[in-house]
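Chemist: what would the 3D arrangement of this be:
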Amino acid sequence: MYIIKNKAEDFIVDEVIELNLDGGKYIYFKLKKENLNTSEAVELIAKRLNLPLKNFGFAGNKDKKAVTTQYCSVFGANAKRLEGINLKNIGVEVIGSGKKPISLGDLKGNKFKIHVKADKIKESDFFINYFGEQRFGVNCNNHLIGKDLLKKDFKHACKMLNLPEINPINNLKQFGIKKLRFFLHSYQSYLWNSLVYEKLKNEGGFEADYCLGKYKFLNKKIENSEINLPNFDVNDYDGILKEENLLKNNFLIKELPELVSETVYRDLIAEAEDLEVKKQKEGYLLSFFLKKGSYATVFLKKLFS
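Modeler: The predicted structure follows:
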């Protein structure tokens, strides 16, 4: 049994990013927040500046129950007004400007400092690179909306999203392709987790529960490899897709062609770099760096399950 995120200060995240501060129409600022996720914080800033959300860019959505620092861009803002914003649980520091908005491609990874209440800890600096529960939403059902899109059950997708079910395709487009892509990626992540579990379930190690099934962790490190996420041109998932009553051709969504994307690969193994573990009175203090796309909560599940 272990406890993390008893309070926001127990989970500190600092983004590591590569930016060119060579001047341009996009203002870059450092955003420090707590008890808000990134989207919520940016929305509050946008309202204060009377700017549309589309003017803002950032490299990833950071957790709500945490103290996080990350970098954002904004187009069409006044730097002095931006830095003068006074909002609860939000700090803004303008650092310069550049020629393009900040996006996921700029992210290198994240540094973590985490307090964990636990009696014991495993010794390990690697883990299977599963997608964490954050990927699937608060109710752990984001993936089901993605599955609806693949099944072309657009009415049910609208119902799940609290959108009108009349003219569902039009309503989904109005909702936003970028948001829909998030739900589709959530379902792909669920399938990736399932495939990796099946590959490893007979290997030595141990299992740990998560909201959509089980993770299989290994005690001994194996050679890293890249495993593709499911797509229309990938055969590895045929068995799992059959269980889900889907075919790989379902990933070709002619009604929403903007959702069709190239196949993406993901490392099987993730490593916690610069790992430091300090025993404390009520548990442990861990600090480490993870490359982008890897989840600290999955690493903690391996160490403390």
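
Chemist: tell me the contacts of residue 172?
Modeler: By Cβ atoms under 8 Å, 6 or more residues apart in numbering, the residues touching residue 172 are 149, 154, 157-158, 161, 163, 180, 256. (C-beta placed from N, C-alpha, C; glycine too.)

Chemist: with residue 267 instead?
Modeler: 129, 224-226.

Chemist: pull up the gap between it and residue 99, please.
Modeler: 31 Å (Cβ to Cβ, to the nearest Å).

Chemist: neighbours around residue 64, how many?
Modeler: Look at residue 64: counted by other Cβ atoms under 10 Å, it has 19 neighbours.

Chemist: Three-state assignment for it, please.
Modeler: Following DSSP: H, G, I helix; E, B strand; the rest coil, residue 64 is assigned to coil.

Chemist: got it, and residue 73?
Modeler: Following three-state DSSP, residue 73 is assigned to strand.

Chemist: count of residues packed around it?
Modeler: Neighbour tally, residue 73, other Cβ under 10 Å: 24.

Chemist: also residue 62?
Modeler: Neighbours of residue 62 under the rule other Cβ under 10 Å: 22.

Chemist: gap between it and residue 38?
Modeler: Residue 62 sits 5 Å away from residue 38, taking Cβ to Cβ as the criterion.

Chemist: which neighbours do the two share?
Modeler: The contact lists of residue 62 and residue 38 share 68, 70, where a contact means Cβ under 8 Å, 6+ apart.

Chemist: just the strands in the stretch 201-305 of the chain please.
Modeler: Assigned by DSSP state E, counting those that start in this stretch, the strands in the stretch 201-305 of the chain fall at 206-210, 213-217, 226-228, 265-267, 269-271, 273-280, 283-291.

Chemist: so what are the sheet partners of the second one and their directions?
Modeler: Strand pairing for strand 213-217, using DSSP bridges, gives strand 206-210 (antiparallel).

Chemist: what's the offset of the partner strand from the middle of its chain?
Modeler: Centroid separation between strand 206-210 and its chain, computed with Cα atoms, centre = their mean, to the nearest Å, is 20 Å.

Chemist: kindly report the same for stretch 108-128.
Modeler: Its chain's C-alpha centre and that of stretch 108-128 lie 17 Å apart, by Cα atoms, centre = their mean.

Chemist: what about that stretch, start to end distance?
Modeler: 19 Å (Cα to Cα, to the nearest Å).

Chemist: residue 295 versus the residue at minimal distance from the centre of the chain, what's the distance?
Modeler: By Cα atoms, centre = their mean, the chain has its centre lying nearest to residue 135, at 5.3 Å. Applying Cβ to Cβ, the value for residue 135 to residue 295 is 8 Å.

Chemist: how many other residues sit next to residue 214?
Modeler: A count of neighbours around residue 214, defined by other Cβ under 10 Å, yields 14.

Chemist: same question, residue 141
Modeler: Neighbours of residue 141 (other Cβ under 10 Å): 15.

Chemist: again, but for the one 4 residues further on
Modeler: Using other Cβ under 10 Å, residue 145 is surrounded by 24 other residues.

Chemist: can you give me the pLDDT of it?
Modeler: pLDDT recorded at residue 145 is 98.

Chemist: isn't there a helix covering it?
Modeler: Yes - assessed with three-state DSSP, residue 145 lies in a helix.

Chemist: can you tell me the closest non-neighbouring residue to it?
Modeler: For residue 145, ignoring the flanking residues on the chain, the nearest one in space by Cβ to Cβ, 6 or more residues apart in numbering is residue 183 at 4.1 Å.

Chemist: go ahead and confirm that neighbour touches residue 141.
Modeler: No - under the criterion of Cβ atoms under 8 Å, residue 183 makes no contact with residue 141, lying 9.8 Å away.

Chemist: who touches the helix or strand containing residue 31?
Modeler: For residue 31, the enclosing helix or strand under DSSP states H and E is strand 26-34. By Cβ under 8 Å, 6+ apart, the residues outside strand 26-34 that reach it are 8-9, 19, 21, 38, 41-42, 45, 57-58, 62, 66-75, 77, 79, 82-83, 89-102.

Chemist: and whatever helix or strand comes next after that strand with strand 26-34, angle?
Modeler: Where DSSP H and E defines the elements, the next helix or strand beyond strand 26-34 is helix 38-49. Our comparison of helix 38-49 with strand 26-34, counting by axes from the mean of the first three to the mean of the last three Cα atoms, to 10 degrees, yields an angle of 120 degrees.

Chemist: that's all I had, so thanks and see you.
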